[in-house]
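**Q** Sequence first, then the predicted structure, then my questions.
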Amino acid sequence: MTVSRPLRNSGHLPAPSIRSVGTAVAGRSYSQSDLLDHFAVSDPKVVRLFRSSGIQRRFLTLPDPGPGGPVVESPGDLLDKHRRTALDMGSRAIRTCLDRAGLVAEQVGYLCCVSTTGLLTPGLSALLLREMGLPTAVQRLDIVGMGCHAAMNGLMAARPWCVANPGAVAVVLCAEVCSAAYVFDSTMRTAVVNSLFGDGAAAVALTYRPAGAAREGKDEGGLVPRLLSSASLVITSAVDAMRYDWDDRRGRLSFFLDPQIPYVIGAHVEEVVDRLLADAGLRRSAVRHWLVHGGGKKVIDAVRVNLRLTRDDVRHTMGVLRDYGNLSSGSVLFSYERLVEEGAARAGDFGVLMAMGPGSTIEAALVRWEGAA
């Protein structure tokens, strides 16, 4: 097992703040019943899987069915869909995020784009730079292939840049076109994937403002959560539990989710969270807000039971899963947006953001809300 240690004495280190969040979706909103009809599913096992997922609706970018059933998109079609839809959703999410903070595109100095649903060269960050008229000198990073936990990796990559550039604006975008990674067949393997994922994008703006420094724009709700520290756990014994395989028969990538994932995550989640909190001198009881990746109903239940959380603690996670499905890397930021809209955070509150994904990996970050200066 490989473990990366979080920063020690994190409360005394410079910590950037999440200034605002913006989200966007694409395609049509489908109920699970709509999708069963769309895919012409009749297998009772698959029907039960869809109906027991905890998901009511998802946004997906799907072609209308043809006379013979679902239209099979070519690998080229899927890549074009990823590019087109990620650009559309991503630009809308970033604009919403910047508007909410009273910022404009010209102020962005760092852009990190996260996606696992399609490989683009040049990367999504360069395409967005042209699409949105971002500064051509913006520093860029594209995180590809890290899956559902990659929002956390993006936040931690932006953290030192913000500290090194006080007052400058960094944006982290997660844009996942999960419908560009679908495979349609009669197997339970693909049914599990097809029952869960949706299309969505989420962006956050971050800045570091030293004590006493003037700020630009505004902060959502008058409060900002500071990114204090992070912790990571790679469960190498389950490295193949979430993966893409090449399907020779269909000439495309096919995503695999091991049925044991909820139990693997549940067995290790206490370790990474307790280490994160212990390094800050905190107990779990000090954490008021839990923002967890909505990987699926069983995954959420495993996290909740092993951390001894209440259903209210994971209300935003369950709500996002219900209304959007699993949005891969963007899910945890959709949950954060709901917390902001709820207005429940108070100055001094601690929160934990946590996501799980391929590796198998658990990523967590500790935040503390502070009043706007």
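**A** Good, I have the coordinates. Numbering: from 1, shown residues only.

**Q** burial count for Glu341?
**A** Residues lying near Glu341 (other CB atoms under 10 Å) number 12. For every residue, glycine as well, the C-beta is placed using N, CA and C.

**Q** Leu127 too?
**A** Number of residues near Leu127 (other CB under 10 Å) recorded here: 17.

**Q** Which SSE is immediately downstream of the host helix or strand of it?
**A** Element membership of Leu127 [criterion: DSSP states H and E] is helix 124-132. Secondary structure here is assigned by DSSP H and E; on that basis, the next helix or strand after helix 124-132 toward the C-terminus is strand 139-144.

**Q** what's the angle from the helix or strand that that following strand is followed by to strand 139-144?
**A** Where DSSP H and E defines the elements, the next helix or strand beyond strand 139-144 is helix 150-164. Relative orientation of helix 150-164 and strand 139-144, computed by axes from the mean of the first three to the mean of the last three CA atoms, to 10 degrees: 160 degrees.

**Q** what does helix 150-164 contact?
**A** Residues outside helix 150-164 that contact it (CB atoms under 8 Å, 6 or more residues apart in numbering): 14-16, 110, 112, 114, 116, 139, 141, 143, 146, 168, 170, 172-174, 202, 204, 206-208, 227, 230, 328-330, 332-333, 353-355, 357, 363-365.

**Q** if we can go back for a sec, in terms of secondary structure, what does the helix holding Leu127 contact?
**A** With contacts defined as 3 or more CB pairs under 8 Å, 6 or more residues apart in numbering; DSSP states H and E, the secondary structure elements packing on helix 124-132 are helix 75-100, strand 108-115, strand 139-144, strand 169-176.

**Q** buried sites along stretch 231-250?
**A** Buried residues in stretch 231-250, counting neighbours by 16 or more other CB atoms under 10 Å, are found at 231-235, 238, 241-243.

**Q** again with stretch 363-373
**A** Judged by neighbour count (16+ other CB under 10 Å), stretch 363-373 contains these buried residues: 363-370.

**Q** same deal with stretch 15-35?
**A** Neighbour-count burial for stretch 15-35 flags 15-27, 30, 32, 35 (criterion: 16+ other CB under 10 Å).

**Q** What mean pLDDT does that stretch get?
**A** When the per-residue pLDDT values of stretch 15-35 are averaged, the result is 96.

**Q** Span of it from start to end?
**A** In stretch 15-35, first residue to last residue: 44 Å (CA to CA, to the nearest Å).

**Q** Quick one: distance of that stretch to the chain centre.
**A** Centroid separation between stretch 15-35 and its chain, computed with CA atoms, centre = their mean, to the nearest Å, is 9 Å.

**Q** Low-confidence regions, the stretch 251-373 of the chain specifically.
**A** Within the stretch 251-373 of the chain, the stretches falling below the threshold (pLDDT under 70) are 372-373.

**Q** Which stretches in it count as strands?
**A** With DSSP state E, counting those that start in this stretch, the ranges of strands along the stretch 251-373 of the chain come out as 252-257, 287-292, 350-357, 361-371.

**Q** Arg189 sits in which helix or strand?
**A** Element membership for Arg189 (DSSP H and E) is helix 188-194.

**Q** Next one, pLDDT for the most far-flung residue of the chain relative to its centre please.
**A** If you look at how far each residue of the chain sits from its centre, by CA atoms, centre = their mean, the farthest one is Pro67, at 36.0 Å. Turning to Pro67, the model gives it a pLDDT of 81.

**Q** and it, backbone torsions?
**A** Here is the backbone geometry of Pro67 (degrees, to the nearest 10): phi -60, psi -30.

**Q** Val352 is in contact with Arg288, correct?
**A** No - distance between Arg288 and Val352: 9.6 Å, which falls outside the contact criterion (CB atoms under 8 Å).

**Q** Neighbour count for these two, which is higher?
**A** A direct count of neighbours by other CB under 10 Å for Arg288 and Val352 places Val352 higher, at 23 against 15.

**Q** gap between Phe186 and Pro122?
**A** Not Phe; residue 186 is Ser. Relative to Pro122, Ser186 is positioned 38 Å away (criterion: CB to CB, to the nearest Å).

**Q** Next: Asp37.
**A** Shown here: Asp37 relative to Pro122, a distance of 39 Å by CB to CB.

**Q** for Asp43, same thing?
**A** Using CB to CB, one gets 42 Å for the distance from Asp43 to Pro122.

**Q** now swap in Gly147 and tell me
**A** Between Gly147 and Pro122 the computed distance is 22 Å (CB to CB).

**Q** do the same with Trp290
**A** 37 Å.

**Q** Mind checking which of those two has more residues around it?
**A** For Trp290 versus Pro122, neighbours defined as other CB under 10 Å are more numerous around Trp290 (24 against 11).

**Q** Surely the more buried one is in contact with Arg315?
**A** No - taking contacts as CB under 8 Å, Trp290 lies outside contact range of Arg315: 9.4 Å.

**Q** Outline the domain layout of the protein.
**A** Taking automatic domain parsing as the domain assignment, the ranges for the chain are 2-13+218-371, 21-207.

**Q** returning to what we had before: in helices only, show me the buried residues of stretch 15-35.
**A** Secondary-structure check on the buried residues of stretch 15-35 using DSSP state H: residues within helices are 32, 35.

**Q** and which of the buried residues of stretch 15-35 is nearest to Glu342?
**A** When the buried residues of stretch 15-35 are compared for distance to Glu342 (CB to CB), Val21 wins out at 12.7 Å.

**Q** so the closest one bridges to which residues?
**A** With DSSP bridges as the criterion, Val21 is bridged to Val204.

**Q** got a list of what it touches?
**A** 97, 100, 202-205, 220, 333, 336-337, 340.

**Q** where's it relative to Leu196, distance?
**A** From Val21 to Leu196 the distance is 23 Å (CB to CB).
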